[in-house]
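Novice: Give me a 3D structure for the following:
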Amino acid sequence: MKTGMKIAGKLFLLVLSASLMWLILTPVFRKNPGSSAYQLSLLPENSIDVLVLGSSHAQYSVNPGVIYDHSDLYTFVLGTGCQPMIMSYYYLEEALKTQSPEVVILEVFTMLPSQAVCYADGMFYVAASQMSGQTRIDAINEIDNAEKIQEYLYDLAITHDSWREEGFYRRGIDGLFGYVPMQPTDFSSRYVAMVEPSEKEVELKQKDVNALKRIVSLCEEKGIQLILMKSVFDRTQGDVSALNQVKAISAENQVPFIDFHDLVDEMEFTFGPDGDTWHNTIWGAEKVSKILANYLVENQLCHHVENPVLEPLYRNLANESVKWLLEKNVDIYKLMNHALDYKMSVIVRYLGNDQSSAIGQYENETLNKMGLNFDFIENGDLDYYAVVQNGEVVKDGQKPFDIELNGTLISIDEQEIRIENQNIVNLGELELIFCGNDFSWIHEMPLDVHSKAFWKNGCAGWVCFGN
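Specialist: The predicted structure follows:
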């Protein structure tokens with residue numbers, strides 16, 4: 001009898017220990033340091049101004065660094081691949097546990113027929129696994145596949161091996177704030193087609209409509225301004241029909257809707273450089289994010305409070321975003337426009353020549369707007385050297401000079417430009433070097449404006465030889 005009781009007691013303790021271990025370890029293994037939800041949980045409470053929800057279309061099209069650069073606002077993209085609309089609702093619930101954004105931007109891809117590419121059950125788990133407490137339980141119970149609910153609720157079998165994954169022990173703020181940057185690889189611009197709605201009736205899924213209405217209600221309850229958006233992608237006629245219905249729901253509930261497909265001409269958005277027909281590249285995200293930033297500022301939707309922890313992180317992302325915009329760009333016109341829009345330094349070395357020049361009125365005016373106090377048309381036969389920072393001349397003149405700027409020594413002469421220990425030779429007749437203000441990155445543009453064209457040397461359009 002006593003032996004049986006001892007065995008039963010040991011079994012009880014074993015089961016209890018295993019259960020406690022299960023309860024303790026499961027949340028630890030479930031946490032993915034790279035997930036947007038985990039990253040959001042690391043931020044100071046009530047510090048985010050704008051919360052973006054949605055699928056990977058949101059993750060690739062909204063760059064918080066660009067929004068910060070144009071508005072000073074803190075934006076976070078709480079996205080997951082193919083995020084179901086009902087998961088967007090629960091993600092909003094989860095976010096409101098620690099944050100109080102004044103604006104929520106909802107990307108509505110997963111209300112469209114093209115969401116059929118998504119594996120529904122898996123996408124539910126990807127989203128719900130990063131939630132906590134009752135929110136996670138409620139989210140998992142929304143799955144239509146009853147067999148998966150228990151598996152996802154008690155998911156140590158799924159997550160037990162996650163400690164082996166690269167990055168599991170990296171627990172700090174990654175500084176991307178949910179954004180997924182993608183460099184362009186295709187530079188052949190293709191126009192975005194204007195697609196007509198389908199002649200066949202396309203019905204929205206009622207579950208998605210109900211989830212959208214719940215998001216609208218929750219935002220109204222919390223005093224949050226909700227904005228719906230759709231990024232640019234290669235949409236079908238069915239997508240257009242469905243999107244028109246989403247716009248009708250938006251109008252009915254007096255919720256602003258920004259369809260970036262309608263703004264492709266204004267943005268000069270093309271497939272190739274700006275997007276791969278599905279996701280936006282860094283260049284496309286910059287165009288989208290500038291419009292969002294301007295909308296937020298013009299409508300005075302946020303009352304920003306600077307946070308000492310987040311401020312340097314957003315400033316760094318803004319600087320990195322400018323670097324990403326420039327590093328694969330050989331279009332001097334786009335680069336000059338970026339110099340007008342963003343904080344950066346520009347080093348200039350121009351060798352005068354009385355030959356004809358590719359610098360026309362537009363080029364001359366743009367160079368002047370960048371901060372250069374020199375008329376390249378009237379004084380085209382004179383040499384000119386300059387260092388400009390954030391649109392203001394730091395030093396310029398007609399003779400070579402040395403200058404220390406932000407702790408970095410810069411030397412400019414006829415033959416080369418030196419930035420600390422980095423020598424830049426084989427200069428163009430007009431040499432423009434775009435740099436971060438901390439000189440952590442540089443982007444060189446040699447232009448032979450007298451003997452050739454106003455374009456990067458060695459490049460015929462986007463095809464650059466010898467690179």
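Novice: residues near Asp341, how many?
Specialist: 16 (other Cβ atoms under 10 Å). To be clear about C-beta, it is placed using only N, CA and C from the backbone, and glycine gets the same treatment.
Novice: And for Asn368?
Specialist: Neighbours around Asn368, by other Cβ under 10 Å: 13.
Novice: Locate it within the secondary structure: which element?
Specialist: Using DSSP states H and E, Asn368 sits in helix 361-369.
Novice: Next, the buried residues of that helix.
Specialist: Judged by neighbour count using 16 or more other Cβ atoms under 10 Å, the buried positions of helix 361-369 are 363-364, 366-367.
Novice: Can you name the residues in contact with stretch 180-187?
Specialist: For stretch 180-187, contacts defined as Cβ atoms under 8 Å, 6 or more residues apart in numbering pick out 56, 59-60, 63, 79, 272-274, 276, 279-283, 285, 321, 324, 327-328, 462.
Novice: hey, which helix or strand in this protein has the poorest pLDDT?
Specialist: The weakest-scoring helix or strand in the chain, judged by mean pLDDT, DSSP states H and E, is helix 156-159 (a mean of 53).
Novice: among the buried residues of helix 361-369, which two are most distant?
Specialist: Maximum pairwise distance among the buried residues of helix 361-369 (Cβ to Cβ): 7.4 Å, between Asn364 and Thr366.
Novice: coming back round to it: give me the ChimeraX select line for the contacts of stretch 180-187, limited to the buried ones.
Specialist: Buried members of these, defined by 16+ other Cβ under 10 Å, are picked up in ChimeraX with:
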select :56,59,60,63,79,272,273,274,276,279,280,281,282,283,285,321,324,328,462
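Novice: So which of the contacts of stretch 180-187 are in helices?
Specialist: Counted as lying in helices by DSSP state H, out of these, are 56, 59-60, 282-283, 285, 321, 324, 327.
Novice: pLDDT score assigned to His160?
Specialist: At His160, the model reports a pLDDT of 45.
Novice: whoops, I mixed them up, Arg171
Specialist: Looking at Arg171, its pLDDT stands at 64.
Novice: mean confidence score for the helix or strand that comes right after the helix holding Asn368?
Specialist: Where DSSP H and E defines the elements, the next helix or strand beyond helix 361-369 is strand 384-389. On average, the pLDDT along strand 384-389 is 96.
Novice: how much does the next helix or strand after strand 384-389 deviate in direction from strand 384-389?
Specialist: Downstream of strand 384-389, the first helix or strand assigned by DSSP H and E is strand 392-397. With axes from the mean of the first three to the mean of the last three Cα atoms, to 10 degrees defining the directions, strand 392-397 sits at 160 degrees from strand 384-389.
Novice: just checking, what packs against strand 392-397?
Specialist: In terms of contact count using 3 or more Cβ pairs under 8 Å, 6 or more residues apart in numbering; DSSP states H and E, strand 392-397 is assigned the packing partners strand 384-389, strand 401-405.
Novice: Now with 10 Å, please.
Specialist: strand 345-350, strand 384-389, strand 401-405, strand 408-412 (3 or more Cβ pairs under 10 Å, 6 or more residues apart in numbering; DSSP states H and E).
Novice: buried set for the last one?
Specialist: When burial is assessed from 16+ other Cβ under 10 Å, strand 408-412 yields the following buried residues: 410, 412.
Novice: That strand to strand 401-405, inter-axis angle?
Specialist: Per the same axes, to 10 degrees, the angle that strand 408-412 makes with strand 401-405 is 160 degrees.
Novice: any idea how far the next helix-or-strand element following strand 408-412 is from the chain center?
Specialist: Using DSSP H and E, the helix or strand that follows strand 408-412 towards the C-terminus is strand 417-419. Centroid separation between strand 417-419 and its chain, computed with Cα atoms, centre = their mean, to the nearest Å, is 32 Å.
Novice: now stretch 189-201
Specialist: 26 Å.
Novice: CA-only coordinates of that stretch in PDB, if you can.
Specialist: Extracted in PDB, the C-alpha atoms of stretch 189-201 (Å, rounded to 0.1, in the frame of the first residue of the first chain):
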ATOM      1  CA  SER A 189      10.700  50.700 -65.100                       C
ATOM      2  CA  ARG A 190       7.200  49.300 -66.100                       C
ATOM      3  CA  TYR A 191       4.100  51.400 -65.700                       C
ATOM      4  CA  VAL A 192       1.500  50.300 -63.200                       C
ATOM      5  CA  ALA A 193      -1.700  49.300 -65.100                       C
ATOM      6  CA  MET A 194      -5.000  50.800 -64.200                       C
ATOM      7  CA  VAL A 195      -7.300  47.700 -63.800                       C
ATOM      8  CA  GLU A 196     -11.100  47.800 -64.300                       C
ATOM      9  CA  PRO A 197     -13.300  46.000 -61.800                       C
ATOM     10  CA  SER A 198     -14.500  42.400 -62.500                       C
ATOM     11  CA  GLU A 199     -17.700  42.000 -64.400                       C
ATOM     12  CA  LYS A 200     -18.500  39.100 -62.100                       C
ATOM     13  CA  GLU A 201     -19.700  39.800 -58.600                       C
END
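Novice: quick one: common contacting residues for Asn364 and Thr366?
Specialist: Common neighbours of Asn364 and Thr366 (criterion: Cβ atoms under 10 Å, 6 or more residues apart in numbering): Leu372.
Novice: Identify the residues contacting the residue nearest the centre of the chain.
Specialist: Nearest to the geometric centre of the chain sits Asn63, at 2.4 Å (Cα atoms, centre = their mean). By Cβ under 10 Å, 6+ apart, Asn63 lies in contact with 69, 75, 77, 176-181, 280, 282, 284-290, 292-293, 317-318, 320-321, 324-325.
Novice: Tell me how far it lies from Lys343.
Specialist: 15 Å (Cβ to Cβ, to the nearest Å).
Novice: Kindly report the same for Asn373.
Specialist: For Asn373 relative to Lys343 (Cβ to Cβ), the value is 20 Å.
Novice: More neighbours: which of the two?
Specialist: Between Asn373 and Lys343, Lys343 has the larger neighbour count (other Cβ under 10 Å), namely 15 against 11.
Novice: Make sure the more buried one is actually in contact with Asn406.
Specialist: No - here Lys343 does not reach Asn406: they are 11.8 Å apart, not a contact under Cβ atoms under 10 Å.
Novice: Quick check: Ile215 touching Met111?
Specialist: No - with contacts counted by Cβ under 10 Å, Ile215 stays clear of Met111, the gap being 11.3 Å.
Novice: tell me, what's touching the two both at once?
Specialist: Joint contacts of Ile215 and Met111 (Cβ under 10 Å, 6+ apart) are 85, 88, 228.
Novice: With respect to per-residue confidence, which of those is lowest?
Specialist: Comparing pLDDT over the shared contacts of Ile215 and Met111, the lowest reading goes to Met85, 92.
Novice: Ramachandran angles for that one?
Specialist: Backbone dihedrals for Met85, given as degrees, to the nearest 10, come out at phi -60, psi -40.
Novice: Give the full set of residues in contact with it.
Specialist: Neighbouring residues of Met85 by Cβ under 10 Å, 6+ apart: 53-55, 106, 108-111, 115, 204-205, 207-212, 214-215.
Novice: Now list the buried members of those residues.
Specialist: 53-55, 106, 108-111, 115, 204, 208-209, 211-212, 214-215.
Novice: Nearest to Ala37, out of those: which one, please.
Specialist: Nearest to Ala37 out of those is Leu53 (Cβ to Cβ; 11.2 Å).
Novice: Lovely, talk soon.
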